[in-house]
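[1] 3D model of this:
(one chain, ligands or ions: 1)
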Amino acid sequence: MRRSFSSLFAAAALALAGAHFAFADSPIVIKFSHVVADGTPKGRGALKFKELAEAALPGRVVVEVYPNSQLYKDKEEIEALQLGAVQMLAPSTSKFGPLGVPEFEAMDLPFILKDEAGYRAVTEGDVGKALFAKLEPKGIKGLAFWDNGFEMMSANKPLRAPDDFKGLKMRIQSSKVLDAQMRALGAIPQVMAFSEVYQALQTGVVDGTEGTPSNFLTQKYSDVQKYLTVSNHNHLAYAVIVNKSFWDGLPADIRTALEKAMKDSTDYVNGIAKSDNEDAMAKIKAGGKTQIIELTPEQKAQWIKAVAPVYAAMTARVGAAAIESVTKATGFELPK
Ligand code: LMR
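    Numbers count the residues shown, from 1 in each chain. Modelled structure (predicted):
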């Protein structure tokens, strides 16, 4: 069941009152809300964090994991975290623009993360730290980046050339860079919460979407999407975040143990993301309902050319410094 804004306030008030007593004797409860299935890298990571945190702090900490937008959808979950109604989330880095931190969207610039090494250089280096520092004035603390691999495009028609996108309504996450990217390809982007995508594809509210194989498989998009193009145009990363005053207010020994559990869960997720997505792709293929399209080098070059105007067009929004820090880390060359 999802909550209205007023019930969210009530939940936040209760959570704050509860926190007071929890520190006295009963265990500290960490509500970890997310929007994907348990069987994805993020879903498995959340359960791993629960396992490790509860094993390290028996009777002192309980982690409640709420997958599949059970508690909140994309936008509401960030509001709920700020209000203290939940303590931990792992939204995609493409969802921080509406919070007023558009610098995260530098990671959405097409092809900018290049490859796995480029992705790691950004998330594990100074860029990741600088992005997390921007969350603190919003009452949010960034703990880790979790990987979910490269993104693909799907529709009910084959998407091989930019022309194939013409007039297609494509669901995107709430990033202005993703919006500009879809427009550059000729599509009509529509921002939509993840939990609404399946039905929107089924009813024709949108024609296609972008995402990773693990999400495609677990959301059963094969029922409603006939073609999936291996475009690798973006990389899906999550920022594991906590309510800052909750986190800073934890007893130091508990916080240290939770930091260790988070570090180990992060290594776990980042270790399974690639193989989980490869397994998911194999299952999508074996299912036989969705045809997988590999792009030729010439087709890929056409995509790259079509999205080339996006970098300059988005500089004012994302910030030249943010873009430069990402390109420096990845070695990506902006088109002249
Ligand atoms: C999406 O909205 O497509 C993704 O961010 C969902 C997720 O959390 O993997």
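[2] In the stretch 151-300 of the chain, which residue sits closest to the ligand?
    Nearest residue of the stretch 151-300 of the chain to the ligand: Phe194, at 3.5 Å (CB to the nearest ligand atom). Every C-beta, even on glycine, is put in place using the N, C-alpha and C of the backbone.
[3] Just to check, that residue is in contact with Asn68?
    No - Phe194 is beyond contact range of Asn68, at 9.4 Å (criterion: CB atoms under 8 Å).
[4] For the residue of the stretch 151-300 of the chain closest to the ligand, which non-adjacent residue is closest in space?
    Val35 (4.6 Å; CB to CB, 6 or more residues apart in numbering).
[5] which SSE is the one you found in?
    Applying DSSP states H and E as the criterion places Val35 outside every helix and strand.
[6] if I pick the residue of the stretch 151-300 of the chain closest to the ligand, what's in contact with it?
    By CB atoms under 8 Å, 6 or more residues apart in numbering, the residues touching Phe194 are 35-36, 69, 73-74, 173, 215.
[7] if I look at Gln181, how far off is Lys305?
    Computed as CB to CB, to the nearest Å, the Gln181 to Lys305 distance reads 13 Å.
[8] And for Ala239?
    According to CB to CB, Ala239 and Lys305 sit 31 Å apart.
[9] Of the two, which one has the most company?
    Neighbours were counted for Ala239 and for Lys305 using other CB atoms under 10 Å; Ala239 has more, 25 against 12.
[10] what's across from the more buried one in the sheet?
    For Ala239, the beta-bridge partners are Phe145 (DSSP bridges).
[11] Which secondary structure elements does whichever strand or helix holds Ile284 sit against?
    Counting by DSSP H and E, the element that carries Ile284 is helix 252-287. Applying 3 or more CB pairs under 8 Å, 6 or more residues apart in numbering; DSSP states H and E, we find helix 252-287 packed against helix 41-56, strand 61-66, strand 140-150, helix 213-218, strand 291-294.
[12] For the helix or strand where Ala321 lies, which residues meet the burial criterion?
    Secondary-structure assignment from DSSP H and E places Ala321 in helix 320-330. Residues 322-323, 325-327, 329-330 are the ones in helix 320-330 that count as buried (16 or more other CB atoms under 10 Å).
[13] repeat for stretch 124-134
    127-128, 131-132, 134.
[14] what would those residues look like in JSON lines with distance to the ligand and secondary structure?
    Converted to JSON lines, the buried residues of stretch 124-134 look like this (distance: CB to the nearest ligand atom, whole Å; DSSP: H, G, I helix; E, B strand; the rest coil):
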{"residue": "Val127", "distance to the ligand": "19", "secondary structure": "helix"}
{"residue": "Gly128", "distance to the ligand": "18", "secondary structure": "helix"}
{"residue": "Leu131", "distance to the ligand": "16", "secondary structure": "helix"}
{"residue": "Phe132", "distance to the ligand": "18", "secondary structure": "helix"}
{"residue": "Lys134", "distance to the ligand": "19", "secondary structure": "helix"}
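[15] between those residues, which is nearest Gly45?
    Comparing those against Gly45 with CB to CB places Gly128 closest, at 16.6 Å.
[16] Skipping adjacent residues, who's closest to the closest one in space?
    Phe145 (5.8 Å).
[17] My guess is that neighbour contacts Glu124. True?
    Yes - the pair Phe145 and Glu124 qualifies as a contact (CB under 8 Å) at a distance of 7.3 Å.
[18] Residue numbers of the stretch 101-250 of the chain in contact with the ligand?
    Counting by CB under 6 Å from any ligand atom, the stretch 101-250 of the chain comes close to the ligand at 148, 173, 194, 211, 215, 236.
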